[in-house]
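**Q** Return a 3D structure for these sequence lines:
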Amino acid sequence: MITNFRLYGAEHIVSILIPILLGTLWILWGLRDKSEKGQKKLRITLVILIILIRSARYIMDIYFGVFRWPDLLSLQICHIDLILLVICLIKPNKTLFNFCFIIGIPMAISVALFPGTVHPVPGLPRAMLFIMSHTMLVMGALYAAVVLRLKLSIKYYLGFVVLGNIALAVIYFINLKLNTNYLYIMSAPKGSIIESFNKVFGWPGYIFALDGLAIILMFAVFCIGYFLIGKNLEIS
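**A** Model (predicted):
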């Protein structure tokens, strides 16, 4: 484990910029190529790119002997978002899109901007891929909004808030039963922004604080997407 990853150092900035550039390239290409065949090819190649960046982390884990199968079955939000985003890009769906945009974008941005200082071996490369994979979740959702022109709806935001809090309670009892820490409800991971909230609010205060913050960020992302990205975009 490395415990000294420098936030907003050159490696951190590069890890954010590379996916932004890649995602922007796919979006611009998608706006130009409006053929059905071209659109399908772009969606598939974007899915492959997202999966490759994510998989590189697991390949490193296997090589260094720290891979755990539960990592592939994680109930963490960004892992669920990855699966749903891949499905949505392969077969566009409004419900999946709203989840990936309203929930996925603020969660992925939070992780990319505050990835923590503790990362498994081989340290820096793993940390950079961790940041890149989450930034790609943002770009994938933006691609679905701008190129596929899927629309946001307030009913999904409200539904996600209600169902999300119900799920939070359910997963708490799952954690108790299985002695797990899904959604980091039972304890905060070391070196993360969640640990900072834990130091301020304690347990379970940090859970309520993060829940409230998530609701606010989700609404902000919804409003930005609804009023800006929701408009049809054209490139001549």
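**Q** Could you check how many residues crowd around His119?
**A** His119 sits with 23 neighbouring residues when counted by other CB atoms under 10 Å. (Glycine included, C-beta is placed from N, CA and C.)
**Q** which residue sits closest to it, ignoring its sequence neighbours?
**A** Ala127 (4.1 Å; CB to CB, 6 or more residues apart in numbering).
**Q** Would you confirm that that neighbour contacts Val111?
**A** No: using CB atoms under 8 Å, Ala127 is not in contact with Val111; the gap is 11.5 Å.
**Q** what are the C-alpha coordinates of the host helix or strand of Ala127, in CSV please?
**A** Applying DSSP states H and E as the criterion places Ala127 in helix 124-146. The C-alpha trace of helix 124-146 is given here as CSV (Å, rounded to 0.1, in the frame of the first residue of the first chain):
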residue,chain,number,x,y,z
LEU,A,124,1.0,5.2,-8.2
PRO,A,125,-0.1,3.4,-11.4
ARG,A,126,-3.0,1.8,-9.5
ALA,A,127,-4.0,5.2,-8.1
MET,A,128,-3.9,6.8,-11.6
LEU,A,129,-6.1,4.0,-13.1
PHE,A,130,-8.5,4.3,-10.1
ILE,A,131,-9.0,8.0,-10.9
MET,A,132,-9.1,7.4,-14.7
SER,A,133,-11.8,4.7,-14.4
HIS,A,134,-14.1,6.9,-12.4
THR,A,135,-13.6,9.9,-14.7
MET,A,136,-14.6,7.6,-17.6
LEU,A,137,-17.9,7.0,-15.8
VAL,A,138,-18.6,10.7,-16.1
MET,A,139,-17.6,10.9,-19.7
GLY,A,140,-19.7,7.8,-20.6
ALA,A,141,-22.8,9.4,-19.0
LEU,A,142,-22.1,12.7,-20.9
TYR,A,143,-21.7,10.7,-24.1
ALA,A,144,-25.2,9.2,-23.6
ALA,A,145,-26.6,12.6,-22.9
VAL,A,146,-25.0,14.5,-25.8
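**Q** now for the helix or strand following that helix, which elements pack on it?
**A** For helix 124-146, the following helix or strand on the C-terminal side (DSSP H and E) is helix 154-178. On a contact count with 3 or more CB pairs under 8 Å, 6 or more residues apart in numbering; DSSP states H and E, helix 154-178 meets helix 94-98, helix 205-224.
**Q** orientation of the longest one relative to helix 124-146 in degrees?
**A** Counting by axes from the mean of the first three to the mean of the last three CA atoms, to 10 degrees, helix 205-224 lies at 40 degrees to helix 124-146.
**Q** which helices and strands does helix 205-224 pack with?
**A** Counting by 3+ CB pairs under 8 Å, 6+ apart, helix 205-224 packs on helix 105-113, helix 154-178, helix 193-201.
**Q** looking at this protein, which helix or strand is least sure?
**A** One helix or strand of the chain scores below all others by mean pLDDT, DSSP states H and E: helix 193-201, with a mean of 88.
**Q** contact partners of it?
**A** For helix 193-201, the surrounding residues in contact (CB atoms under 8 Å, 6 or more residues apart in numbering) are Ser110, Phe114, Gly116, Tyr184, Ser187, Ala188, Pro189, Tyr206, Phe208, Ala209, Leu210.
**Q** Just flag the most distant two among the residues you listed.
**A** Gly116 and Phe208 (21.1 Å; CB to CB).
**Q** Please identify which of these two sits among more neighbours.
**A** Gly116 (19 against 12).
**Q** Now, of the contacts of helix 193-201, which are buried?
**A** The neighbour-count criterion (16 or more other CB atoms under 10 Å) marks Ser110, Gly116, Tyr184, Ala188, Tyr206, Ala209, Leu210 among those as buried.
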